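Student: Sharing a model prediction with you, sequence too.
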Amino acid sequence: MSKSFVFGVFFVFFLTLATAQVQNEMVPPYNIKTVSFVRNNENIVPIFELGSTFEFQFDDLFGNEANYYYEIIHCDYNWVPSNIPKNEYLQGFDNQRIQNYSNSFNTLQLYSHYNLSIPNQFTQQLRLSGNYILKILNDDKEVVFSRKFRLYEDIATVPLQIKRARNVSVIEYKHNLDFAIKSSNLTFQNPVKNIKVILIQNGNFNTEIKDIKPQYTIGNDLIYKYDTETQFWAGNEFLYFENKDIRVANNYVARVDASTDIYNCLLYTNNARKNLPYTLFQDINGNFAVKNLNAANNDIEADYAWGYFSLSAPSYRLDKGIYVSGMFNNYLLSPENKMDYNEKKGIYEKAILIKQGFTNYHYVIADSKGVIDNENAIDGNFYQTENEYNVLVYYRENTGRYDRIIGKGTANSLNIIN
């Protein structure tokens, strides 16, 4: 065996290892804001039926009409790029420049707004279901940031019920997901090995539950009725503020300061709600809506403002961080969203630049490794909390080459049962 042959084998082996890395979302730089998947002019959780259309939007605060390109990568259940050739999962081309962009109009904060439609004239169709990473590249083809999305096929039904926890110790604080997987079109081969699920609460991909095996089967139906494995901490209703009219103090905005280059919205100080009774008020489960009451086109006429968050939580002087979190920042636990403790005032504070409209948020405790302490949540856990849940079903046949998503189940804890 020649040395060149051995070298070639090792080169291919290491090249495979290098390319088969888990694809984590790359955090956007400071100038990239309001990254969202949009349908019907609304930000939505990026879980789409195969063959449907959607838009991907973001703002660049530099406002210099920079060139951005996109790349779409198909991944397996664990977010490792699949071995499927691109022409099998994508009809057309990616690595194209995003051509639909425009500059902000009549705003104090200048920005360029980018809108990528899928499908489009270059990327005519995504052919396969499963996990996808959408990468945004600059002129040098360096990745600026990336976001995950999922495509599913509607060939399996997922009856889903939200129940109170069966464990007495947490019955007041957790939600349990009971569900089944049924299909008249597929006969599941070796379901314990080939079927995988993902459980998602309020569109937060960072806290999803995975690697849950079917508990038992009835014919071709797979049943999941676990006591602890499929439980989420219920949390509390999201807090919110509204600045659709950015010059006026509105819902939960105490004061507006217009003395600087852009608007400052000083929010009322929130109190920790863990030891307070549960109170029902309407939220949008962590989502946000961009809106300027005086605009014809919210995409480019909605302005940015500094939102000044403050939290009174005297019993939470921990060696952990407290973060402002929601879909508006992709539930990201980063220094940009970490609160600082003001010794003089005795409260936590943070200023975050947010596009105007209606914004849901909550406070999250996490350690230096990003591990969230849901049990000691600042706003408590109440089984009455209204949350949105999704269950996604992945299936790879014995001879399958990729992880398909064959069904989605959706339920709301507003209809919780004992």
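Tutor: Structure received. Numbering: from 1, shown residues only.
Student: Any regions of the protein where pLDDT drops low?
Tutor: Where the chain drops to pLDDT under 70, the residues are 1-20, 317.
Student: domain parsing for it?
Tutor: Here the domain parsing of the chain from automatic domain parsing is 22-152, 160-234+385-415, 239-366.
Student: so which of those domains comes closest to N376?
Tutor: Counting by Cβ to Cβ, N376 lies closest to domain 239-366 out of the domains of the chain; the figure is 6.3 Å. Yep, even glycine has a C-beta here, placed from its N, CA and C like the rest.
Student: what separates I378 from F205, distance-wise?
Tutor: Separation of I378 from F205 (Cβ to Cβ, to the nearest Å) stands at 22 Å.
Student: so how far is L333 from I365?
Tutor: The value you get for I365 to L333, if Cβ to Cβ is used, is 10 Å.
Student: and what of P29?
Tutor: Distance from P29 to L333, by Cβ to Cβ: 17 Å.
Student: Neighbour count for these two, which is higher?
Tutor: The neighbour count for P29 versus L333, taken as other Cβ atoms under 10 Å, is higher for L333 (21 against 12).
Student: Helices of the stretch 1-150 of the chain, start to end?
Tutor: 3-19, 86-89 (DSSP state H, counting those that start in this stretch).
Student: Kindly present the domains of the chain as CSV, with separate columns for distance to N374.
Tutor: Listed next are the domains of the chain as CSV, based on distance: least, Cβ to Cβ, whole Å:
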stretch, distance to N374
domain 22-152, 20
domain 160-234+385-415, 4
domain 239-366, 8
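Student: Out of those, which is closest to D373?
Tutor: Going by Cβ to Cβ, the one of those nearest D373 is domain 239-366, 4.4 Å.
Student: what sits against L293?
Tutor: Contacts for L293 (Cβ atoms under 8 Å, 6 or more residues apart in numbering) come out as 244-245.
Student: Next, the contact list for the residue lying closest to A302 once chain neighbours are set aside, please.
Tutor: Distances taken as Cβ to Cβ, 6 or more residues apart in numbering place N292 nearest to A302, at 4.3 Å, with adjacent residues excluded. Shown in contact with N292 (Cβ under 8 Å, 6+ apart): 244, 246, 298, 301-303, 356-357.
Student: what do you get if the cut-off is 6 Å, keeping everything else the same?
Tutor: 298, 301-302, 356 (Cβ atoms under 6 Å, 6 or more residues apart in numbering).
Student: try D60
Tutor: 31, 112.
Student: Please report how far it lies from A302.
Tutor: 15 Å.
Student: Between which two of the contacts of N292 is the distance greatest?
Tutor: Largest pairwise distance in these, by Cβ to Cβ, is 9.7 Å, between E301 and Q356.
Student: Mind checking which of the two has more residues around it?
Tutor: Q356 (27 against 17).
Student: Isn't that one up against A302?
Tutor: Yes. Counting by Cβ atoms under 6 Å, A302 is a contact partner of Q356 at 5.0 Å.
Student: other SSEs contacting the helix or strand that contains K408?
Tutor: Counting by DSSP states H and E, the element that carries K408 is strand 404-412. On a contact count with 3 or more Cβ pairs under 6 Å, 6 or more residues apart in numbering; DSSP states H and E, strand 404-412 meets strand 160-164, strand 388-395.
Student: Take the ones you listed and lay them out in a markdown table including distance to Y308 and mean neighbour count.
Tutor: Converted to a markdown table, the helices and strands packed on strand 404-412 look like this (distance: least, Cβ to Cβ, whole Å; neighbours: other Cβ atoms under 10 Å):
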| stretch | distance to Y308 | mean neighbour count |
| --- | --- | --- |
| strand 160-164 | 35 | 19 |
| strand 388-395 | 29 | 23 |
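Student: closest to E88 out of these?
Tutor: strand 388-395 (17.7 Å).
Student: The closest one pairs with which strands?
Tutor: strand 195-201 (antiparallel), strand 404-412 (antiparallel) (DSSP bridges).
Student: Throw those strands into TSV and include mean neighbour count, thanks.
Tutor: Below are the strands paired with strand 388-395 laid out as TSV (neighbours: other Cβ atoms under 10 Å):
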stretch	mean neighbour count
strand 195-201	22
strand 404-412	21
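Student: so which of these gets nearest K182?
Tutor: It's strand 404-412; of these, that one is closest to K182 (Cβ to Cβ) at 8.6 Å.
Student: so Q96 touches F122, yeah?
Tutor: Yes. Using Cβ under 6 Å, Q96 makes contact with F122 at a distance of 4.4 Å.
Student: tell me the centre residue of this structure?
Tutor: N204 (4.4 Å; Cα atoms, centre = their mean).
Student: now that residue: how far from F179?
Tutor: 18 Å.
Student: got it, and T123?
Tutor: Counting by Cβ to Cβ, the gap from T123 to F179 is 33 Å.
Student: the more surrounded of these two?
Tutor: F179 (23 against 19).
Student: Next, that one: phi, psi?
Tutor: As for F179, its main-chain torsions (degrees, to the nearest 10) stand at phi -150, psi 170.
Student: Just confirm F328 is within a strand.
Tutor: No. The assignment for F328 (DSSP: H, G, I helix; E, B strand; the rest coil) gives helix, which keeps it out of a strand.
Student: Now for the residue nearest to it when sequence neighbours are not counted: which residues touch it?
Tutor: Once flanking residues are discounted, F328 sits nearest to F288: 4.3 Å by Cβ to Cβ, 6+ apart. Residues counted as contacts of F288 (Cβ under 6 Å, 6+ apart) are 327-328, 359.
Student: next one: phi and psi at F288?
Tutor: When read as degrees, to the nearest 10, the backbone of F288 gives phi -150, psi 160.
Student: which residue ranges form the strands in the stretch 101-250 of the chain?
Tutor: For the stretch 101-250 of the chain, applying DSSP state E, counting those that start in this stretch gives strands covering 101-103, 112-118, 123-126, 130-137, 143-152, 160-164, 174-181, 195-201, 204-210, 216-218, 221-224, 231-233, 239-242.
Student: Tell me which of those lies nearest to T399.
Tutor: Across the strands of the stretch 101-250 of the chain, closest to T399 is strand 195-201 (Cβ to Cβ), at 15.5 Å.
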